[in-house]
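Engineer: Pasting the sequence and the predicted coordinates here, then a few questions.
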Amino acid sequence: MVEPGRRSDQATREPPPKDAVFRQANERIEAWALGARYRGDLLPFLCECPVLSCTRPIRISRADYARIRSNPRWFITAPGHEGGVCGGIRIVERGAGYVVAEKLGPPDGA
Ligand SMILES: [Zn+2]
């Protein structure tokens, strides 16, 4: 459950980390695919590594993306980019053209 009104508490001077921003972008890609009834097997998501200049596309199925997104600590990155996720990580899964990394340490926004 998302608590309404909690978002405004997070208005700080610090910009959100790139991985969080790209995660939101990926959520929009997923929403777009749903709305557009996209028929492809693979969707073009974005690498969620923290490197600002990285916009590497990652093509995975929506089912895989939904499964990964179901865990708030899991991030999807291009192979080799997982090491940049800050705060320490553990590799959860290596797939075809993507890596799922679990962020260790305190959860974001908690
Ligand atoms: Zn990357």
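Structural biologist: Right, received. Where do you want to start?

Engineer: Go through the host helix or strand of residue 45 and flag the buried ones.
Structural biologist: According to DSSP states H and E, residue 45 maps onto strand 42-46. Buried residues in strand 42-46, counted by 16 or more other C-beta atoms under 10 Å: 42-43, 45-46. Yep, even glycine has a C-beta here, placed from its N, CA and C like the rest.

Engineer: The least confident helix or strand in the chain by mean pLDDT to strand 42-46, inter-axis angle?
Structural biologist: Within the chain, confidence by mean pLDDT, DSSP states H and E is lowest for helix 18-35 among all helices and strands, at a mean of 89. Angle, helix 18-35 to strand 42-46, by axes from the mean of the first three to the mean of the last three C-alpha atoms, to 10 degrees: 150 degrees.

Engineer: which residues of this protein fall in strands?
Structural biologist: Ranges of strands in the chain, per DSSP state E, are 42-46, 57-61, 74-77, 89-95, 98-103.

Engineer: wait, which of those strands is closest to residue 36?
Structural biologist: strand 42-46 (10.6 Å; C-beta to C-beta).

Engineer: Please list the outside residues in contact with the closest one.
Structural biologist: 22, 25-26, 29-30, 33, 55-62, 65, 76 (C-beta atoms under 8 Å, 6 or more residues apart in numbering).

Engineer: Could you restrict the residues you listed to the ones contacting the ion?
Structural biologist: Applying C-beta under 5 Å from the ion to these, one finds that residue 56 fall near the ion.
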